[in-house]
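Enquirer: Here is a sequence with its predicted model. Questions after.
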Amino acid sequence: MAAESRRVLPLVAQAPKTSVLAVRLDDLCRWEALERLDYLKIDVISAEEQVLAGAIETLQKLRPIVQVAITNRDALISLLGYGVHRLGGSENKVYVADGDPRVQRFTRLGWQKTKAWS
């Protein structure tokens with residue numbers, strides 16, 4: 001066991017415990033009867049696909065702009081009916097629904113249309 005691990009593990013054992021309810025975004029939006037979702041920011045580590053898998057109905061119905069921070073270069077996220085935009089070497093990708101006039105805002109700011117895996 002690395003020296004760093006031996007120092008952290010006792011701290012984890014002493015940390016206060018918190019229960020967290022994890023739900024699919026589709027379920028949450030249905031429970032809250034959301035009729036509008038303009039922007040969805042996803043910043044999770046290597047779980048982007050799982051988050052999006054739980055949001056398929058929401059994405060199809062409400063068509064939000066989706067920002068995803070992708071730190072794993074192997075992550076391939078493609079959303080049907082969405083274009084992908086990226087700013088320079090940023091880790092962030094912004095998905096805008098095809099035909100959404102808000103895409104012009106990103107274009108004016110220098111975001112360029114790209115492929116999901118670039």
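Expert: Nice, I can see it. Source: prediction; values computed, not measured.

Enquirer: Now do the same for Leu59: helix, strand or coil?
Expert: Assigned by DSSP: H, G, I helix; E, B strand; the rest coil, the conformation of Leu59 is helix.

Enquirer: Count residues in the vicinity of it, would you?
Expert: Residues lying near Leu59 (other C-beta atoms under 10 Å) number 21. Every residue, glycine included, has its C-beta placed from N, CA and C.

Enquirer: same question, the one 10 residues further on
Expert: If you count neighbours by other C-beta under 10 Å, Ala69 ends up with 14.

Enquirer: could you list every residue that touches it?
Expert: 41-43, 91-92 (C-beta atoms under 8 Å, 6 or more residues apart in numbering).

Enquirer: and the one residue sitting closest to the centre of the chain, how far is that from Leu80?
Expert: Nearest to the geometric centre of the chain sits Ile42, at 2.4 Å (C-alpha atoms, centre = their mean). Shown here: Ile42 relative to Leu80, a distance of 17 Å by C-beta to C-beta, to the nearest Å.

Enquirer: Derive a PyMOL selection command for the buried subset of the contacts of Ala69.
Expert: Paste this into PyMOL to select the buried members of these, with burial taken from 16 or more other C-beta atoms under 10 Å:
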select buried, resi 42
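
Enquirer: just the contacts of Ala69 now: which is nearest Val12?
Expert: Nearest to Val12 among the contacts of Ala69 is Asp43, at 22.4 Å by C-beta to C-beta.

Enquirer: nearest spatial neighbour of the closest one, skipping sequence neighbours?
Expert: Ala69 (4.4 Å; C-beta to C-beta, 6 or more residues apart in numbering).

Enquirer: Local confidence estimate at the one you found?
Expert: Ala69 is assigned 82 on the pLDDT scale.

Enquirer: Okay, and the beta partners of it?
Expert: Asn92 (DSSP bridges).

Enquirer: what's the distance between it and Val103?
Expert: 19 Å.

Enquirer: how about the residue nearest to the centre of the chain, what does it touch?
Expert: Counting by C-beta under 8 Å, 6+ apart, Ile42 makes contact with 48, 51-52, 66-69.

Enquirer: Make a PyMOL selection of the buried ones in these.
Expert: Here is the PyMOL command that selects the buried residues among these (16+ other C-beta under 10 Å):
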select buried, resi 48+51+52+66+67+68
